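[1] Sequence and computational prediction follow.
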Amino acid sequence: MSDTENKSIGYYLRTHIREYGMVVALVAILAFFQVVTDGIMLKPVNLTNLFLQNSYIIIMAVGMLLVIVGGNIDLSVGSVVGFIGALAAVMIVHWDLPTVFVVPACLVVGAIIGAAQGYWVAYWRIPSFIVTLAGMLVFKGLTLALLGGASVGPFPSEFQAMSSGFLPDFFGGLIDGRFNVFSMTLGVALTALLPILGMRSRAKQAKFAAVDEPLAVFVTQHAVAGLAILFVTYLLSTYRGLPNILIIMAVLIAIFTFVTNSTTLGRRIYALGGNEKAAKLSGINTKRLTFFTFANMGMLAALAGLVFAARLNTATPKAGLAFELDVIAAVFIGGASMSGGVGKVIGAVVGALIMGVMNNGMSIVGVGIDWQQVIKGLVLLAAVIFDVYNKNKA
């Protein structure tokens, strides 16, 4: 490798230190807890629980990223989670409505909630902090009113399957029932597909400008990502296979990664957060974009509410309590900027996984909830300080 290539790689890594640093941090935290828990952390059953326990945080972190990149924040998501779970419980348990009707209806209600809040932020210029703080209080109250202060459940099996179900093994006759061949096949297919899509993206970018990412970095990150996917898929396949919720999350991550990286809509949201006045002068409808990010956030919070209720198999008045703090922390830890215009979907997912692994690992080793909160707060503060330091250095 030439000196020029080495310098190019070094410069690229320095300018993307936050992005790759978070991945390294996740691997280091996983390795640390794997050692101190005597191997429990990466056991298939614990790995499955890790995804199930953090699925709703990851789902909301994807939506929160767009809100924060657009220069706003949403404090109401935890309360929306509780309200949608309560609404689903009333519709299914009390009104005896079918799951196939309740799920899309709740997603629509969530989108309407987000749109209502986005309307005041986008078109009346009321700060998002105030609007969503009001929303937090409103939907906490509505959840209590809807449930009458009591828990409602249980849910039918088809509703629970959204959170606690697993992909069936369509190739179950090939190997004994202790290994899910179909899940492993999906993992292998995804591992092969990612570099193909990556090379197509590089080729498309090369037609218009020089490719920013050095080839050595591209090959290395896809090799590491492929090995990680194969390793995790293998572990899950030895237990019960891929959870349904993991497939839902993978689809959401793929959709929003494409939207943010490869569409005009995504580029305009980044422009909105980077400099709203400049975006408006360039012809971008900033009000409509802000409205969209909040409506999208409401829909994803509703999905998270359905997943959380399905996991608990009941709707409770305290559901979603303080979820907004974990979601916002995950987005900032994953590399989003407080001032907007910066952040990636994968970064938000990595940030959510860091929070989840820390929660899971500290619980296994017996760290009290008090010290867990202290440690998570310090990690969030360190991430924000690092962001400010990099900006001042630049």
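    Looks like it came in fine.

[2] Can you list the neighbours in contact with whichever strand or helix holds residue 384?
    Using DSSP states H and E, residue 384 falls within helix 369-393. Outside of helix 369-393, the residues within contact range by Cβ atoms under 8 Å, 6 or more residues apart in numbering are 17-18, 329, 332-333, 335, 337-338, 351, 354-355, 358-359, 362-363, 367. Every C-beta, even on glycine, is put in place using the N, C-alpha and C of the backbone.

[3] And that helix, what's buried?
    376, 379, 380, 383, 386, 387 (16 or more other Cβ atoms under 10 Å).

[4] Check stretch 285-302 too.
    Going by 16+ other Cβ under 10 Å, stretch 285-302 has these buried residues: 286-287, 289-302.

[5] Please flag which of those residues sit within helices.
    The helices in this structure, assigned by DSSP state H, contain 286-287, 289-302 from the buried residues of stretch 285-302.

[6] From the residues you listed, pick the one nearest residue 41.
    residue 300 (27.9 Å; Cβ to Cβ).

[7] The closest one - nearest residue in space that isn't next to it in sequence?
    residue 63 (3.6 Å; Cβ to Cβ, 6 or more residues apart in numbering).

[8] Isn't the one you found up against residue 301?
    Yes - between residue 63 and residue 301 there is a contact at 6.9 Å, judged by Cβ atoms under 8 Å.

[9] Name the residues contacting each of the two.
    residue 77.

[10] Would you mind giving the domain segments of the protein?
    Residue ranges for the domains of the chain, per automatic domain parsing: 3-164+244-393, 166-242.

[11] Please render those as JSON lines that adds mean pLDDT to the earlier fields.
    Below are those laid out as JSON lines (pLDDT from 0 to 100):
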{"stretch": "domain 3-164+244-393", "mean pLDDT": "90"}
{"stretch": "domain 166-242", "mean pLDDT": "85"}
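
[12] just those: most buried one?
    domain 3-164+244-393 (a mean of 19; mean count of other Cβ atoms under 10 Å).

[13] from the middle of its chain, how far away would that domain be?
    5 Å (Cα atoms, centre = their mean, to the nearest Å).

[14] Mind telling me what element residue 347 is part of?
    helix 345-365.

[15] which helices and strands sit right next to that helix?
    Packing contacts for helix 345-365, counted by 3 or more Cβ pairs under 8 Å, 6 or more residues apart in numbering; DSSP states H and E, involve helix 17-36, helix 44-69, helix 244-262, helix 323-333, helix 369-393.

[16] closest to residue 187 out of these?
    With Cβ to Cβ as the yardstick, what comes closest out of these is helix 244-262 (10.7 Å).

[17] Please name whichever of the helices and strands packed on helix 345-365 is nearest to residue 314.
    Closest among these, once you apply Cβ to Cβ, is helix 44-69, at 15.0 Å.

[18] Next SSE downstream of the closest one?
    Next element after helix 44-69 (DSSP H and E): helix 77-89.

[19] Only the C-alpha atoms, please, for that next one, written as CSV.
    Extracted in CSV, the C-alpha atoms of helix 77-89 (Å, rounded to 0.1, in the frame of the first residue of the first chain):
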residue,chain,number,x,y,z
VAL,A,77,-42.4,9.1,22.8
GLY,A,78,-42.5,7.3,26.1
SER,A,79,-46.0,8.4,26.8
VAL,A,80,-47.1,7.6,23.3
VAL,A,81,-45.8,4.1,23.8
GLY,A,82,-47.9,3.7,26.9
PHE,A,83,-51.0,5.2,25.3
ILE,A,84,-50.9,3.1,22.1
GLY,A,85,-50.4,-0.1,24.3
ALA,A,86,-53.4,0.9,26.3
LEU,A,87,-55.4,1.6,23.2
ALA,A,88,-54.5,-1.7,21.7
ALA,A,89,-55.5,-3.5,24.9
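
[20] Now do it against helix 323-333, angle only.
    130 degrees (axes from the mean of the first three to the mean of the last three Cα atoms, to 10 degrees).

[21] ok, residues contacting stretch 307-321?
    With Cβ under 8 Å, 6+ apart, stretch 307-321 has contacts from 52, 55-56, 59, 77-86, 88-90, 143-144, 147, 149-155, 159-164, 245, 248, 305.

[22] tell me how far the ends of it are from each other?
    15 Å (Cα to Cα, to the nearest Å).

[23] Next: stretch 238-250.
    Note: stretch 238-250 ends 20 Å apart using Cα to Cα.

[24] Residue 110 contacts residue 294, correct?
    No - contact between residue 110 and residue 294 fails when scored by Cβ under 8 Å: they sit 11.0 Å apart.

[25] still on that earlier bit, out of the buried residues of stretch 285-302, the closest to residue 101 would be?
    Distance ranking of the buried residues of stretch 285-302 against residue 101, using Cβ to Cβ, places residue 302 first at 14.5 Å.

[26] and the gap between that closest one and residue 288?
    Distance from residue 302 to residue 288, counting by Cβ to Cβ, to the nearest Å: 21 Å.

[27] do the same with residue 256
    18 Å.

[28] circling back: mind giving me TSV with the helices and strands packed on helix 345-365 and columns for distance to residue 102?
    What follows is those, written out as TSV (distance: least, Cβ to Cβ, whole Å):
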stretch	distance to residue 102
helix 17-36	35
helix 44-69	17
helix 244-262	16
helix 323-333	21
helix 369-393	33
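
[29] burial count for the nearest residue to residue 244 once chain neighbours are set aside?
    Spatial nearest neighbour of residue 244, excluding adjacent residues (Cβ to Cβ, 6+ apart): residue 165 at 4.3 Å. For residue 165, the count of nearby residues is 17 (other Cβ atoms under 10 Å).

[30] Would it be right to say that residue 208 lies in a strand?
    No - under DSSP: H, G, I helix; E, B strand; the rest coil, residue 208 falls outside any strand and is assigned coil.
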